[in-house]
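Q: Just to be clear, the model below is a prediction. Sequence and coordinates:
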Amino acid sequence: MKANKTSLVLLANLVRLARPLRLAFKDKRGQVLPWAAFMMMLFLGMGAFVLDVGHAYICYRQLQAATDAAALAGAKQVYASNAAATAAAYAAVTGGANTYSSLQNVTIATGFPKLECLTTVQNMGVLCEGPNTANAIQVQETATIPTFFAQIFGVSQMNLRATATAAKGKAIPLNVALLIDTTLSMNDNDPSCGATQMQCAMTGAETLLQGLAPSIDAVSVFTFPNVDPTTVQNDQSCSPPQSQNPSFYSTPTSGLATALPYTFATIPSNSNTNYTPSPGTGTYQVTTFSNDYRSSDAGKTPNTNSTLVQTVGAPSVNGSTAVQGCLAPPNQAGEFGTYLAGVIYAAQGALAYEKASELSTDAPGTPTPINVMIILSDGNTNASTRYGFSNQFFQTTPSASGIYPSDVGDCGQSIVAAQTAKADGTLIFAIAYGAPAAGYFNWNPNDETDSINNGNCPTDQNSFFTAFHLGSNVSSYPNISPCQTMKDIASPDTNLVQFFWSDYSVAPSSTNCYSADGAADGLNDIFAAISGSLSQARLIPDGTQ
């Protein structure tokens, strides 16, 4: 009995001891802590993903936008020598126009910006032109961005890369007045071009026509000095050749356009102003506005029956000469010197009338055309009744007031005329072709040593007014240089469009007559860059061939 009682006591004690253990095993408090720790790590990971990846996406979009902008800016200048530099200037790199504080260590990838000649774009009528022989540009940028929550997992930064390709697009509607110097100095040789200055100018004009769109762009050629309306068609005949052009006092050669003393076009006062040359009084306009220089925007073959093509010439598709340009310095042009104001007013009047005519006949919704003037000259405007090889340079005797028309202050009058055109919305590109370091003229035509050579336009000089007892200088721009005249004639350069260009490789040009890019650009490259500036740029898919 005692043994049984002892057994019962032990069993009771075991039951009593087991109860707390049983209760402990049933208590689940505290088991959520491991799960909580696990879930916290999960949420932190999700936060790292949402915040860091979301931040990375925003930064990527910023980088892509900057890269797109850089490509578009470069495509706008793809025909110019500074296309790659322009693209870099609009990138997200330090100092670029599209930087973001959230983007660090942005660089342009090695080998970019990349200039390309894409067949697909060529087939759309956009030629590969200019010093780069390109019609498109590709930009690629890289950047690093810091992370936030992802640093817990050892990821301290992310690397981003963006690529964009842009090409020249279809041009906007243009009316282009091309003003070409046809004084006898244009018969001088241009060593860098390997032909006469006139032939080199016409080759540049051919390049311009290749870059325009005949479906919407109309072009007209003007010359100075003006020519007899009855012989202006000889600038399309090529008979006799340019080499037979006479010099001072020579008998006019039959078949060449005959220069006349400068006449004075009416200053355009509104958009309906017309320029209609009167028979016998001279005309600056050699060809009317036309768009028949090619059969289509995509086509490369020139229309050899076009008066415009016959005037400036055109190469064939294989590079040989399809049409020999006939425009040449007219007879006795050297006697009349250079006077830009008259031709600028004449061209602006013709542009204004052309635009008004188009607006009156275009269908609703048709884009408004833009008037453009391209002036090629050395800027040394020096026509005056006060000196020279002829008793009278102007058809009517002007005053010595310095106000158009006047026989003094020629360069100043040119700038004022250009201001009138620009005020009416015309864009003016000025090409200084051999702008001299010093304006030159003779006081006494019988004594070559009796001359002025001091760097200024002759009839804008103080010495000119003093020598002829004209009183104080009334020029709008006293003592201005030929190069500065061309700069002031041009529209102001912008970040994307260069309006003043200079080819100073031709003697007696001033090597200080720099355009914005600082290079002595050849006329072909200059005209290619101008035509490129007049067209739009657009993004295209990366990998386009």
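A: Thanks, I have the structure now. Residues are numbered from 1 along each chain as shown.

Q: A417 in helix, strand or coil?
A: On the three-state scheme (DSSP: H, G, I helix; E, B strand; the rest coil), A417 is labelled helix.

Q: That one: what's it in contact with?
A: Applying CB atoms under 8 Å, 6 or more residues apart in numbering, one finds that A417 lies in contact with I267, L340, A341, I344, Y345, Q348, Y404. No exception for glycine: its C-beta is placed from N, CA and C like everyone else's.

Q: quick one: contacts for the closest residue to the second one other than its chain neighbours?
A: Using CB to CB, 6 or more residues apart in numbering and skipping the chain neighbours, the partner closest in space to L340 is S414 (3.8 Å). Taking CB under 8 Å, 6+ apart as the criterion, S414 is in contact with L340, A341, I344, T381, T485, I489.

Q: Quickly note the distance from the last one to A333.
A: Same thing as I489. Look at I489 and A333: by CB to CB, to the nearest Å, they are 21 Å apart.

Q: One more: the second one?
A: If you measure A341 against A333 using CB to CB, the figure is 17 Å.

Q: So for the two, which sits in the more crowded spot?
A: A333 (31 against 28; other CB atoms under 10 Å).

Q: Over to the more buried one: give its phi and psi.
A: Note on A333: backbone dihedrals following degrees, to the nearest 10 are phi -60, psi -30.

Q: all helices in the stretch 151-300 of the chain, in order from the N-terminus.
A: For the stretch 151-300 of the chain, applying DSSP state H, counting those that start in this stretch gives helices covering 197-211.

Q: re the thing from before, from the contacts of S414, which ones fall inside helices?
A: The helices, defined by DSSP state H, take in L340, A341, I344, T485, I489 from these.

Q: Which one (most neighbours) among those residues?
A: Counting neighbours by other CB under 10 Å, I344 leads the ones in helices among the contacts of S414 with 33 neighbours.

Q: Quick one: the strands in the stretch 201-350 of the chain, in order.
A: Taking DSSP state E, counting those that start in this stretch as the test, the strands found in the stretch 201-350 of the chain are 217-227, 283-285, 314-315, 321-323.

Q: The strand of greatest length in the chain packs against which elements?
A: In the chain, with assignment by DSSP state E, the single longest strand is strand 157-171. Counting contacts by 3 or more CB pairs under 8 Å, 6 or more residues apart in numbering; DSSP states H and E, strand 157-171 is packed against helix 53-76, strand 136-146, strand 535-540.

Q: Adding mean pLDDT and distance to T368, write those out as a markdown table.
A: Below are the helices and strands packed on strand 157-171 laid out as a markdown table (pLDDT from 0 to 100; distance: least, CB to CB, whole Å):
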| stretch | mean pLDDT | distance to T368 |
| --- | --- | --- |
| helix 53-76 | 88 | 20 |
| strand 136-146 | 91 | 28 |
| strand 535-540 | 81 | 15 |
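
Q: Select, out of the ones you listed, the one closest to S505.
A: Closest approach to S505 among those (CB to CB): helix 53-76, 25.8 Å.

Q: distance between that closest one and the chain's centre?
A: Taking the mean of its C-alpha atoms, helix 53-76 sits 24 Å from the chain's own mean (CA atoms, centre = their mean, to the nearest Å).

Q: What helices and strands are in contact with it?
A: When contacts are defined as 3+ CB pairs under 8 Å, 6+ apart, helix 53-76 sits against helix 83-89, strand 136-146, strand 157-171, strand 535-540.

Q: show me what contacts S533?
A: Here S533 is in contact with K76, Q77, Y79, A80, F429, L496, V497, Q498 (CB under 8 Å, 6+ apart).

Q: now do T99
A: The neighbours of T99, taking CB under 8 Å, 6+ apart as the test, are A66, A92, V93, V106.

Q: per-residue confidence averaged over stretch 148-163?
A: Regarding stretch 148-163, the rounded mean pLDDT is 80.

Q: What of stretch 210-226?
A: Confidence over stretch 210-226 (mean pLDDT, whole number) is 91.

Q: buried stuff in it?
A: Across stretch 210-226, burial judged by 16 or more other CB atoms under 10 Å covers 210-214, 216-226.

Q: From those, pick the one nearest S531.
A: Once CB to CB is applied, the member of those that ends up nearest S531 is G211, at 2.8 Å.

Q: would JSON lines of the strands of the stretch 201-350 of the chain with distance to P458 be doable?
A: Output for these, formatted as JSON lines (distance: least, CB to CB, whole Å):
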{"stretch": "strand 217-227", "distance to P458": "16"}
{"stretch": "strand 283-285", "distance to P458": "22"}
{"stretch": "strand 314-315", "distance to P458": "37"}
{"stretch": "strand 321-323", "distance to P458": "37"}
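
Q: closest to S502 out of these?
A: It's strand 217-227; of these, that one is closest to S502 (CB to CB) at 19.3 Å.

Q: correct me, but L308 touches V219?
A: Yes. If you go by CB atoms under 8 Å, L308 and V219 touch, sitting 5.9 Å apart.

Q: what touches both of these two?
A: L209, T287, S290, Y293.

Q: Just give me the neighbour total for the first one.
A: One way to gauge burial is a neighbour count; for L209, by other CB under 10 Å, it gives 23.

Q: surely it meets A314?
A: Yes. Look at L209 against A314 with CB under 8 Å: they come within range, at 7.0 Å.

Q: which neighbours do those two share?
A: Y293, P302.

Q: those helices in the stretch 301-450 of the chain, which residues are they?
A: 307-312, 333-336, 340-361, 410-423.

Q: can I get the CA coordinates of the third one in PDB?
A: Meaning helix 340-361. Output in PDB follows, covering the C-alpha atoms of helix 340-361 (Å, rounded to 0.1, in the frame of the first residue of the first chain):
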ATOM      1  CA  LEU A 340      24.300  96.800-102.500                       C
ATOM      2  CA  ALA A 341      21.400  99.000-101.200                       C
ATOM      3  CA  GLY A 342      19.600  99.100-104.500                       C
ATOM      4  CA  VAL A 343      19.600  95.300-105.100                       C
ATOM      5  CA  ILE A 344      18.600  94.600-101.500                       C
ATOM      6  CA  TYR A 345      15.500  96.900-101.800                       C
ATOM      7  CA  ALA A 346      14.700  95.300-105.200                       C
ATOM      8  CA  ALA A 347      15.000  91.800-103.800                       C
ATOM      9  CA  GLN A 348      12.900  92.600-100.800                       C
ATOM     10  CA  GLY A 349      10.200  94.100-102.900                       C
ATOM     11  CA  ALA A 350      10.100  91.000-105.100                       C
ATOM     12  CA  LEU A 351      10.100  88.700-102.000                       C
ATOM     13  CA  ALA A 352       7.200  90.600-100.400                       C
ATOM     14  CA  TYR A 353       5.200  90.400-103.600                       C
ATOM     15  CA  GLU A 354       5.900  86.700-104.100                       C
ATOM     16  CA  LYS A 355       4.800  85.900-100.500                       C
ATOM     17  CA  ALA A 356       1.600  88.000-100.800                       C
ATOM     18  CA  SER A 357       0.800  86.200-104.100                       C
ATOM     19  CA  GLU A 358       1.200  82.800-102.600                       C
ATOM     20  CA  LEU A 359      -0.900  83.600 -99.500                       C
ATOM     21  CA  SER A 360      -3.700  84.800-101.700                       C
ATOM     22  CA  THR A 361      -3.800  81.500-103.700                       C
END
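
Q: between that helix and strand 217-227, how many degrees?
A: Counting by axes from the mean of the first three to the mean of the last three CA atoms, to 10 degrees, helix 340-361 lies at 150 degrees to strand 217-227.

Q: follow-up on the earlier one: in TSV: the helices of the stretch 301-450 of the chain, plus mean pLDDT and distance to T258.
A: Output for the helices of the stretch 301-450 of the chain, formatted as TSV (pLDDT from 0 to 100; distance: least, CB to CB, whole Å):
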stretch	mean pLDDT	distance to T258
helix 307-312	94	16
helix 333-336	76	9
helix 340-361	92	17
helix 410-423	96	23
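
Q: Same list, those helices, but as JSON lines with distance to M202 please.
A: Shown next, in JSON lines, are the helices of the stretch 301-450 of the chain (distance: least, CB to CB, whole Å):
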{"stretch": "helix 307-312", "distance to M202": "5"}
{"stretch": "helix 333-336", "distance to M202": "16"}
{"stretch": "helix 340-361", "distance to M202": "18"}
{"stretch": "helix 410-423", "distance to M202": "23"}
